[in-house]
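[1] Sequence and predicted model, in that order:
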Amino acid sequence: MRFNSACLMVAALALLPASGALAQQQQQAQADTAEAAGNPFAIFTPTTDPIRHRIDYDVYDFALKNLVVSMGPSTRSRPFASNAPLGTRLRQGHNSRYRLEGSMVGFSFFNTEVTDSLAEYRRELVEVANSLDISNLPRNEQLAFWFNLHNVTMLEFIAREYPVRQPREIMVDGVHFEEAPIFDIRGVSMSLKDIREKIVFANWRNPKVIYGFWRGEIGGPALEREAFTGSNVGSLLDLAAEDFVNSLRGTQKNGDTLEVSTLYQDAARFYFPDFAADVRAHIASYAKEDVAEILEQTQLTRASIREWDVADLSGGARGANYLASSRPGLTPGAAQLLSERQQKLDTMERRDIPTGRVIFSNIDLPGDPPNKNAVE
């Protein structure tokens, strides 16, 4: 598959542009607030009087549908052990117990043109943020923008370092790449971690926003196969939350203890200050029958689940040459994982277990308020 830089571009901004005077007044007010607070990130605080602009992510959406493979809903069971290729004791690809959950990216298919296109798209998004005051958009539009900027940058950096077994191995000038100042938006230097914590977590009260950020790891929330938009962001986050909470990488039972992902511990100071009670209440709001029973059967709560391995079809390795697949980019590890995925989906179908999902996007009607259905 090939994407050129001309293809991966931000579409035009649309819908009811604001007057220059109003925009300047709002920007000045935000700048004054930021200066008074001594916090440069205060300029990204969402306005209470948004302008009805939107950003079109159709091209990024197309790319995601071609680069990302959904592994289907979790069955909350370990995958069957897979055998090494005939004539060798080497196992290619993943051996994680979570490999059939979430989603995987086909990094082994990427060439330089694809990686450069992702970098071009990242720069285009930053340019949009520098030419348009993102904080003046409706809240859902802002949230979609920050998710897409964060996630396309994760894709780009992993692709540039590929093959890599774990994203946490990637460094920029001696600093982990998630903490490196990659962006300069409206004069504020920021990292991926800053986007998560100083912009989104600081300004959105609903903990479901934690599921919108893809960290490149098997153990984290899945990378969605469609771009976030102002109209679908709330629905996508609910689906992502339900997927994660009801997966083994989200929740497990260990005797009298509810084991949960360290994702919740990472976000505890923003959303789960009374950790055990708050996390349990959050999980209960998305729990299906199996996880609801775990909540009832356990008393203790511990954040212990983490899988660092890269969410890549091939397991972060190109594979031995003598085991190469006949399809370019499809390594033996990727072929094995796709085979296991199909076996899983076939089994679910035979048992009448749904393998897909339906997304309902909010429809804007004339006269609707700009913040209708906004994620808090």
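    Nice, I can see it.

[2] what mean pLDDT does stretch 246-259 have?
    Averaging pLDDT along stretch 246-259 gives 98.

[3] which parts of it are buried?
    246-252, 258-259 (16 or more other CB atoms under 10 Å). C-betas here are computed from N, CA, C, even on glycine.

[4] which stretches of this structure form helices?
    20-37, 58-67, 112-131, 139-161, 192-194, 201-203, 233-245, 262-266, 268-271, 275-284, 289-297, 332-350 (DSSP state H).

[5] Ok, which of these comes nearest T45?
    When these are compared by CB to CB, helix 201-203 sits nearest T45, at 5.8 Å.

[6] Please state the offset of that closest one from the chain centre?
    Mean-position distance between helix 201-203 and its chain equals 17 Å (CA atoms, centre = their mean, to the nearest Å).

[7] so what secondary structure elements neighbour that helix?
    helix 268-271 (3 or more CB pairs under 8 Å, 6 or more residues apart in numbering; DSSP states H and E).

[8] Pull out the buried residues from the helix it packs on.
    268, 270-271.

[9] Same check on stretch 344-354?
    So stretch 344-354, judged by 16+ other CB under 10 Å, has buried residues 344-345.

[10] Tell me how far it lies from the chain's centre.
    On the basis of CA atoms, centre = their mean, stretch 344-354 sits 26 Å off its chain's mean C-alpha point.

[11] Need the contact partners of it.
    71-73, 75, 79, 100, 355 (CB atoms under 8 Å, 6 or more residues apart in numbering).

[12] And Q343, how close does it get to Q336?
    Q343 sits 11 Å away from Q336, going by CB to CB, to the nearest Å.

[13] Of the two, which one has the most company?
    Neighbours per residue, other CB atoms under 10 Å: of Q343 and Q336, the larger number sits with Q336, 22 against 14.

[14] The more buried one contacts N95, doesn't it?
    No. Taking CB atoms under 8 Å as the definition, Q336 is not a contact partner of N95, at 10.2 Å.

[15] quick revisit: mind giving me a markdown table with the helices of the chain and columns for distance to A311?
    Below are the helices of the chain laid out as a markdown table (distance: least, CB to CB, whole Å):
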| stretch | distance to A311 |
| --- | --- |
| helix 20-37 | 36 |
| helix 58-67 | 12 |
| helix 112-131 | 16 |
| helix 139-161 | 9 |
| helix 192-194 | 16 |
| helix 201-203 | 22 |
| helix 233-245 | 13 |
| helix 262-266 | 14 |
| helix 268-271 | 23 |
| helix 275-284 | 22 |
| helix 289-297 | 22 |
| helix 332-350 | 11 |
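
[16] Contacts only, for R225.
    64-65, 68, 70, 103 are the contacts of R225 under CB under 8 Å, 6+ apart.

[17] Kindly recompute the last result at 10 Å.
    R225 makes contact with 61, 64-70, 103 under the criterion CB atoms under 10 Å, 6 or more residues apart in numbering.

[18] again with N254
    Contacts of N254 (CB under 10 Å, 6+ apart): 294, 298, 300, 302, 304.
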